[in-house]
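Q: attaching a predicted model along with its sequence, questions to come.
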Amino acid sequence: MNISEIIAFNTQIIFILLSLIAIVDYIRHRDPRRRDFALMATALGFPFALVLLRNLQLFQSGALDLAGAFVLFSQPYFLFRLLQYFRPSRPRIGIIIVVGFLLSCALLWFRMVSNPALTVVLIFGYCAVVEAYCTLGFYRGMQATVGTLRRRLWIITLSSAVFTLAFVINVIKAQFPIIAPVTTPIAQIASAVSAVFFYVAFVPPRGQRLAWQMEELRDYLLQTRIAPASEAFVSDNFRQLSQGAKQATNGMAGGVLRLNESANEWDILAATDQALFASLIQNGQRFINQGWQHRQTMSRSLPDIADADERRQLRTLGAQTWLLVPIHNQERSWGLLIVALRDRSLFIDDDLKILELLVRECILVLDNHRLIDELQDYSGQLEHKVEERTAALQRSNEELRRYAYVASHDLQEPLRTVTSYLQLIEQRFPDKLNEEGREFIKFAVDGALRMKNLIQDLLMYSRVESRSHTFTLLDMQEVLDKTIQFLEVMLAETDAHITHDNLPKIIADEELMIQLFQNLIENAIKYRSAKKPEIHIGATCKDQHWVFSVRDNGIGIEQQYLEQIFIIFKRLHIADEYPGTGIGLAVCKKAVELHDGRIWAESEVGQGTTFHFTIPIRELAS
Ligand code: ADP
């Protein structure tokens, strides 16, 4: 085999393979366009298969050679048929091409022209003219389109131009056989490459198709506005979808319709051509309804529309094909995307696929938008509720505080009267009272005293928050000294012993700090065990906080109560056992929290309790 034979052999293989692939593709999808492409590919592959078989010496038959030639001459006709899908020619042209084809066959069969060179010129001349006509058609179509459709038509235009050239070369070669050794391999290589491109453009392999779809989708997404939530957002999106759909399929117009169920009418949500869609609604109600009920992507060409009246009316709109894609997901239906094509689509499956992709993207955007809206609504409501509740809580807290203050303040006076008169009775009428009477009066005075303590503690509790606080640089050593002074009598009576670390200076309110130390030390003494009370005040620095501790060697507290003791009125003992009101630790907690600190207790029953509280280390605000 020499070089030109190798080239010829490879070319034959390529053509044969492509025709086989095209046939398989048609068998799998069975649509008219694929059928015509398979026929065109076979028109190229079949003659080469015959040449191959002959070269392999498998048969020798002039009749089969002729058959191969007839099939080859039909290629321009099938290309012409493919062109009709999106740029229909006048019927006359179709007839001329068919007649030309039949004449070519007759010319060869009947050897109508005695000069073989002239026969070749006539037949290949015919092929070249039809091929050139188609090339021009595809070129014009390409110019009127954008996006990947344009690219596909470009490839087809170039491929059919190369085929035209190959036919022309054959014509020239018939006149000047001397150039054959050079032109034949060139024409073969060029036409083989073009055949591959034909294949890629008409029935692209899956990967290529996906790549084109992605590109189309990307273009659409780049145009999609990332808009903030707004009323116009949905209609903006549909406008973009209509525009994108029109562009991706090279349609005449695109639009989104929605069924107004109460009025049983279709509303236009967006359209690139309002007038066209308005008359579509008027003239094509039934056909739109069908598309809507079908609930799946579909295409309708005018001949598919059963009703003659409707068909006539739709024809006046100037579109041959309508593509319909419902815009819905499981939860919701938004409407129906409709694209009008002037003619039939050359790549109908791909067009429908890309429309589905655009619709899916649009649904995603709308869904996200809805979710964000709902979330914003929800958080708005939540915020509002929290504000309302906080205000109500503040109000009731305030009222409660005022009430507690006023009540405890006003209760003191009558209580004093009761106590004094009870004591007066005891002093003035000692003879009139027997032992029991005196005991009753003692009970009454005790009760009044307890009530007085309770009132005082309540007053203290409400005052902690109600009075204004002054945060100054406080020497905690001095605070402790003052507290010890207040408790002097109590300490002496119980023989309590207080030790302490070096105490720091902190920014705090003096009165609250004294109150805090006082309550904790009082409790340490009150809840002492049989041992002599030993109290230690500690201070360490940790994580931008001072951690103070008040440790005692008293009765201790059971683990389960360590948190509850800070709740107001919570007491672990009856009054007879240990007098008290259950307010002291609640006051401590409030005092610490007013300083943005925290208070907690650790304890072991029988060993003692340690109260810790933190005060943040701060600079004094100037
Ligand atoms: P009160 O002392 O008036 O009862 P507090 O609020 O000061 O109220 O204390 C609440 C409860 O916590 C007390 O009733 C007591 O049982 C327990 N408690 C407080 N301090 C100590 C302590 N140092 N040791 C043991 N128990 C304590």
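A: Yes, it's here. Numbers count the residues shown, from 1 in each chain.

Q: show me which residues of the protein sit near the ligand.
A: With the criterion set to CB under 6 Å from any ligand atom, the chain comes near the ligand through 523-524, 527, 552, 554-555, 557, 565, 570-573, 580-586, 609. Quick note: C-beta positions are derived from backbone N, CA and C, even for glycine.

Q: apply 5 Å and report the result again.
A: Within the chain, the positions lying close to the ligand (CB under 5 Å from any ligand atom) are 523-524, 527, 554, 557, 565, 571-572, 580-582, 584-585, 609.

Q: between the residues you listed, which sits nearest Asn453?
A: Asn453 has its nearest neighbour among those in Thr581, at 5.9 Å by CB to CB.

Q: my read is the closest one is in a helix, agree?
A: No - assignment of Thr581 by DSSP: H, G, I helix; E, B strand; the rest coil gives coil, placing it outside any helix.

Q: for it, grab the count of nearby residues.
A: 20 (other CB atoms under 10 Å).

Q: please apply the same query to Arg528.
A: Neighbour tally, Arg528, other CB under 10 Å: 20.

Q: equivalent analysis for the one 10 residues further on, please.
A: Applying the criterion other CB under 10 Å, we find 16 residues in the vicinity of Gly538.

Q: I figured it was touching Arg551, is that so?
A: Yes - Gly538 sits in contact with Arg551 when judged by CB atoms under 8 Å, with a separation of 6.9 Å.

Q: which of the residues of the chain next to the ligand count as buried?
A: 523-524, 527, 554, 557, 565, 571, 580-582, 584-585, 609 (16 or more other CB atoms under 10 Å).

Q: quick one: low-confidence ranges for this protein?
A: For the chain, applying pLDDT under 70 flags the ranges 1, 58-61, 113, 224-231, 621-622.

Q: any idea how it splits into domains?
A: Following automatic domain parsing, the chain resolves into domains at 3-204, 213-370, 389-466, 471-616.

Q: ok, then the element right after the helix ranked longest in the chain?
A: Assignment by DSSP state H gives helix 348-428 as the longest helix of the chain. Downstream of helix 348-428, the next assigned helix or strand under DSSP states H and E is helix 435-466.

Q: and that next one, what's buried?
A: Within helix 435-466, the residues that count as buried by 16+ other CB under 10 Å are 444, 448, 451-452, 454-455, 457-464.

Q: stretch 484-496 now?
A: Across stretch 484-496, burial judged by 16+ other CB under 10 Å covers 484, 487, 491, 496.

Q: part of a strand, is the first one?
A: No - read with three-state DSSP, Ile484 is helix and lies in no strand.

Q: roughly how far does it sit from Ile498?
A: 6 Å (CB to CB, to the nearest Å).

Q: return every residue with contacts to both of those two.
A: Between them, Ile484 and Ile498 share these contacting residues under CB atoms under 8 Å, 6 or more residues apart in numbering: 491, 521.

Q: for the buried residues of helix 435-466, please prepare JSON lines with the additional fields distance to Ala278.
A: Shown next, in JSON lines, are the buried residues of helix 435-466 (distance: CB to CB, whole Å):
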{"residue": "Ala444", "distance to Ala278": "95"}
{"residue": "Ala448", "distance to Ala278": "92"}
{"residue": "Met451", "distance to Ala278": "87"}
{"residue": "Lys452", "distance to Ala278": "89"}
{"residue": "Leu454", "distance to Ala278": "83"}
{"residue": "Ile455", "distance to Ala278": "83"}
{"residue": "Asp457", "distance to Ala278": "82"}
{"residue": "Leu458", "distance to Ala278": "78"}
{"residue": "Leu459", "distance to Ala278": "80"}
{"residue": "Met460", "distance to Ala278": "80"}
{"residue": "Tyr461", "distance to Ala278": "76"}
{"residue": "Ser462", "distance to Ala278": "74"}
{"residue": "Arg463", "distance to Ala278": "77"}
{"residue": "Val464", "distance to Ala278": "75"}
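
Q: list just the nearest of those residues to the ligand.
A: For the buried residues of helix 435-466, the minimum distance to the ligand (CB to the nearest ligand atom) is 7.2 Å, reached by Asp457.

Q: His500 against Ser549, yeah?
A: No - counting by CB under 8 Å, His500 does not reach Ser549; the two are 10.1 Å apart.

Q: which parts of this structure are strands?
A: 253-260, 265-271, 298-301, 321-328, 333-341, 471-475, 497-500, 505-509, 534-542, 545-551, 599-604, 608-616 (DSSP state E).

Q: distance to Phe9 for those - can I get that in CSV?
A: Shown next, in CSV, are the strands of the chain (distance: least, CB to CB, whole Å):
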stretch, distance to Phe9
strand 253-260, 49
strand 265-271, 56
strand 298-301, 42
strand 321-328, 43
strand 333-341, 43
strand 471-475, 99
strand 497-500, 106
strand 505-509, 97
strand 534-542, 88
strand 545-551, 90
strand 599-604, 93
strand 608-616, 90
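
Q: common neighbours of His500 and Ser549, please.
A: With CB under 8 Å, 6+ apart as the test, His500 and Ser549 both reach 536-538.

Q: can I get these in CSV including distance to Leu66?
A: Shown next, in CSV, are the shared contacts of His500 and Ser549 (distance: CB to CB, whole Å):
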residue, distance to Leu66
His536, 120
Ile537, 119
Gly538, 115
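
Q: out of the residues you listed, flag the one nearest to Ala404.
A: The closest of those to Ala404 turns out to be Ile537 (CB to CB; 30.5 Å).

Q: that closest one bridge partners, please.
A: Residues in a beta bridge with Ile537, per DSSP bridges, are His500, Val550.

Q: can you give me the neighbour number for whichever residue of the stretch 51-200 of the chain sits closest to the ligand?
A: Going by CB to the nearest ligand atom, the ligand is nearest to Gly147 of the stretch 51-200 of the chain, at 78.6 Å. When neighbours are defined as other CB under 10 Å, Gly147 has 18 of them.

Q: coming back round to it: next, the angle strand 333-341 makes with the longest helix of the chain.
A: Angle of helix 348-428 versus strand 333-341, following axes from the mean of the first three to the mean of the last three CA atoms, to 10 degrees, is 160 degrees.

Q: against the ligand, how distant is the residue most central in space within the chain?
A: Ranked by distance to the mean C-alpha position of the chain (CA atoms, centre = their mean), the top residue is Asn368 at 5.0 Å. As judged by CB to the nearest ligand atom, to the nearest Å, Asn368 and the ligand stand 54 Å apart.

Q: do the same with Lys482
A: Between Lys482 and the ligand the computed distance is 20 Å (CB to the nearest ligand atom).

Q: OK, contacts around that residue?
A: So Lys482 contacts Ile514 (CB under 8 Å, 6+ apart).

Q: mind checking how far it is from Thr614?
A: 21 Å.

Q: how about Ser104?
A: In terms of CB to CB, Ser104 sits 103 Å off from Thr614.

Q: who's more crowded, the two?
A: In terms of neighbours (other CB under 10 Å), Ser104 is the more surrounded of Ser104 and Thr614; the figures are 23 against 19.

Q: show the contacting residues for the more buried one.
A: 73, 122-123, 126-127.

Q: state the phi and psi torsions of the residue sitting furthest away from the middle of the chain.
A: Centroid-distance maximum for the chain: Asp431 at 92.0 Å, with CA atoms, centre = their mean. For Asp431, the backbone dihedrals (degrees, to the nearest 10) come out as phi -80, psi -30.

Q: isn't Leu358 right up against Arg218?
A: No - with contact defined as CB under 8 Å, Leu358 does not reach Arg218; the gap is 11.3 Å.

Q: neighbour count winner among these two?
A: Neighbour count, other CB under 10 Å: between Leu358 and Arg218, Leu358 has more, with 29 against 10.

Q: any idea how far Asp576 is from that one?
A: As judged by CB to CB, Leu358 and Asp576 stand 84 Å apart.
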